[in-house]
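# quick check, what structure comes out for this input:
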Amino acid sequence: MELKLLEHLMMRTGETVSRSELHDKVWDMHFDPSSNVIDAHIARLRKKLQKSGASAAITTRRGIGFVLEPVTPSPATTWPIGKQ
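Next comes the predicted model:
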């Protein structure tokens, strides 16, 4: 299911995808507002994306849904070596 969830988010990169849409499109079932199925899968996907060094992250839009967004790398800090 995680692969199918990630695939759906990737097809809508940068767009907010509602929980009900994920239930319908990924799990092919009607939305149950008390279910934490999506939260559990999103949490696992976030860990896997972070661990892999992916250039994207899943952001929660509270009360709306989730969005897969590109991560902008922070500029590397360079330290002068041997200079004082």
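# what sits against the closest residue in space to Ala54 that isn't next to it in sequence?
Closest residue to Ala54 in three dimensions, ignoring its sequence neighbours and counting by C-beta to C-beta, 6 or more residues apart in numbering: Val71, at 7.5 Å. Quick note: C-beta positions are derived from backbone N, CA and C, even for glycine. Val71 sits next to Ala54, Ser55, Ala56, Ala57 when contact means C-beta atoms under 8 Å, 6 or more residues apart in numbering.
# how about the third one, phi and psi?
When read as degrees, to the nearest 10, the backbone of Ala56 gives phi -140, psi 160.
# and what of the second one?
Listed backbone geometry of Ser55 is phi -90, psi 20, with angles given as degrees, to the nearest 10.
# same thing with the first one?
With angles defined as degrees, to the nearest 10, Ala54 shows backbone torsions of phi -60, psi 150.
# Asn72: how many residues sit nearby?
Not quite, residue 72 is Thr, not Asn. Residues lying near Thr72 (other C-beta atoms under 10 Å) number 7.
# relative to Met1, how far out is it?
Thr72 is 29 Å from Met1, where distance means C-beta to C-beta, to the nearest Å.
# just Met11 next, same as before
16 Å.
# the strands in this protein, which residues?
All strands of the chain, identified by DSSP state E, fall at 17-18, 56-61, 65-70.
# and these as a markdown table, adding mean pLDDT?
Formatted as a markdown table, these follow (pLDDT from 0 to 100):
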| stretch | mean pLDDT |
| --- | --- |
| strand 17-18 | 94 |
| strand 56-61 | 94 |
| strand 65-70 | 94 |
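# for the closest residue to Ser55 other than its chain neighbours, grab phi and psi.
Leaving aside its sequence neighbours, Ser55 sits nearest to Val71 (C-beta to C-beta, 6+ apart; 5.5 Å). Torsion angles at Val71 (phi, psi; degrees, to the nearest 10) stand at phi -100, psi 130.
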